[in-house]
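K.L.:
just a sequence and a predicted model for now, questions to come.
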Amino acid sequence: MSRREPKGKMASGTEVISWKQKKDLAEMEEMAVGKLEELIAWVSTIEAMSNEQLKDYVLNRPESLRSVKTGENAPGKKVRWHSDQAL
């Protein structure tokens with residue numbers, strides 16, 4: 001007599017996932033890859049800039065990119081960059 005594996009499990013011990021779960025996982029991975037590609041393109045653009053272009057970018061970047069949460073500051077405190085500070 002052969003012993004049957006419990007439903008939802010394969011002989012190797014890996015769990016069987018449904019088609020919808022596979023599709024959802026693939027969509028999440030595609031989004032992550034897209035974000036990574038955007039980041040790589042942005043880094044390449046920044047690396048190609050001269051110091052003058054970088055300074056212009058920092059001073060004129062979109063408002064949405066002006067505040068970055070790094071976790072280094074205490075909650076509720078905002079650290080602002082002043083134009084008299086060195087780059």
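P.N.:
That came through fine.

K.L.:
longest helix in the protein, by residue count?
P.N.:
helix 19-48 (DSSP state H).

K.L.:
now that one: buried residues?
P.N.:
Buried residues in helix 19-48, counted by 16 or more other C-beta atoms under 10 Å: none are found. For every residue, glycine as well, the C-beta is placed using N, CA and C.

K.L.:
tilt between the helix or strand just after that helix and helix 19-48?
P.N.:
With elements assigned by DSSP states H and E, the helix or strand that comes after helix 19-48 is helix 51-60. Computed with axes from the mean of the first three to the mean of the last three C-alpha atoms, to 10 degrees, the direction of helix 51-60 lies at 120 degrees from that of helix 19-48.

K.L.:
how about helix 51-60 as PDB, C-alpha atoms only?
P.N.:
Extracted in PDB, the C-alpha atoms of helix 51-60 (Å, rounded to 0.1, in the frame of the first residue of the first chain):
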ATOM      1  CA  ASN A  51      28.800  69.000  -9.700                       C
ATOM      2  CA  GLU A  52      27.000  72.100 -11.100                       C
ATOM      3  CA  GLN A  53      24.100  70.000 -12.400                       C
ATOM      4  CA  LEU A  54      23.800  68.100  -9.100                       C
ATOM      5  CA  LYS A  55      23.700  71.400  -7.200                       C
ATOM      6  CA  ASP A  56      21.000  72.700  -9.600                       C
ATOM      7  CA  TYR A  57      19.000  69.400  -9.200                       C
ATOM      8  CA  VAL A  58      19.200  69.500  -5.400                       C
ATOM      9  CA  LEU A  59      18.000  73.100  -5.300                       C
ATOM     10  CA  ASN A  60      15.200  72.700  -7.800                       C
END
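
K.L.:
many thanks, we can stop here.
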